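[1] Sequence first, then the predicted structure, then my questions.
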Amino acid sequence: MHHGEGGSPEYHNEDLNELIRSVDFVSMHTYAFHDTHYNSSFWNLITTPENPNKQNIIMDAMQRAVDYELDQFESVQNYVRNIDPSKEVHIGETGWSSVASDLYGYSGSEAADEYKLGLYYQMITDACFVKSISCFYFSAFDEPWKDSNNENGSENHFGLFTVDGKAKYPLWEKVDSGVFNDLSRGGNSIVKTYNGDLEALLRASNIPPINNKEE
């Protein structure tokens with residue numbers, strides 16, 4: 001999927017162009033996580049897989065999500081360079097939630113779980129490194145005050161750590177290697193979520209929905 005040059009044409013005007021000329025750099029926010037619901041063409045499966053290997057299906061879906069974001073980045077970069085070839089573009093915010101009771105959770109787009117968060121974090125990190133893109137990853141810790149009326153609201157669960165300091169799946173290897181040995185949060189030592197049980201983590205992860213599931 002290609003988004004053209006810098007998103008929808010209605011945003012393209014001289015005020016925007018002048019703003020691009022005036023700033024030091026352009027910061028682009030991108031959340032394929034949210035678009036698994038709002039623009040799901042890159043995410044939903046077209047048909048039921050004949051020989052489903054859940055890990056492979058999820059891996060492919062996450063690669064499509066990262067490619068979708070990189071396509072957005074390239075589109076914005078192309079637009080900005082047409083205005084000012086010297087202007088740098090960064091990913092100012094991106095991330096993935098591990099829990100959702102809303103549109104992105106179970107019976108929704110099935111995007112929110114910790115296995116997918118781990119894959120996303122590694123994939124977007126690798127892609128930005130290869131392409132020399134500066135990227136601000138959101139966020140270090142879960143933020144339960146974001147949606148305080150709904151404990152399982154997706155906005156609360158974008159962290160790489162839980163509030164009490166458990167390290168989510170993308171950081172399990174760092175726990176094993178002793179990176180967090182001398183650190184604690186709220187008096188708790190840093191330990192792995194799911195007690196480091198990958199099989200349990202995978203059981204909590206579902207493949208994306210089938211487009212024709214209601215037919």
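    Looks like it arrived, so ask away.

[2] Point out where this structure drops to low pLDDT.
    For the chain, the stretches with pLDDT under 70 are 1-9, 212-215.

[3] Tell me where it has strands.
    For the chain, the strands defined by DSSP state E cover 25-29, 88-94, 135-137, 184-185, 188-189.

[4] residues contacting residue 194?
    Listed by C-beta atoms under 8 Å, 6 or more residues apart in numbering, the contact partners of residue 194 are 114, 169, 200-201. All C-beta spots, glycine's among them, are computed from the backbone N, C-alpha and C.

[5] hmm, 6 Å instead?
    200-201 (C-beta atoms under 6 Å, 6 or more residues apart in numbering).

[6] Break down the chain into its helices, ranges please.
    For the chain, the helices defined by DSSP state H occupy 14-22, 32-38, 54-83, 114-131, 172-176, 198-203.

[7] could I get the ones you listed as a markdown table with distance to residue 211 and mean neighbour count?
    Output for the helices of the chain, formatted as a markdown table (distance: least, C-beta to C-beta, whole Å; neighbours: other C-beta atoms under 10 Å):
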| stretch | distance to residue 211 | mean neighbour count |
| --- | --- | --- |
| helix 14-22 | 35 | 12 |
| helix 32-38 | 13 | 19 |
| helix 54-83 | 13 | 18 |
| helix 114-131 | 19 | 18 |
| helix 172-176 | 33 | 15 |
| helix 198-203 | 24 | 13 |
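
[8] can you list the ones you listed in CSV and add distance to residue 164?
    What follows is these, written out as CSV (distance: least, C-beta to C-beta, whole Å):
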stretch, distance to residue 164
helix 14-22, 42
helix 32-38, 23
helix 54-83, 27
helix 114-131, 15
helix 172-176, 14
helix 198-203, 18
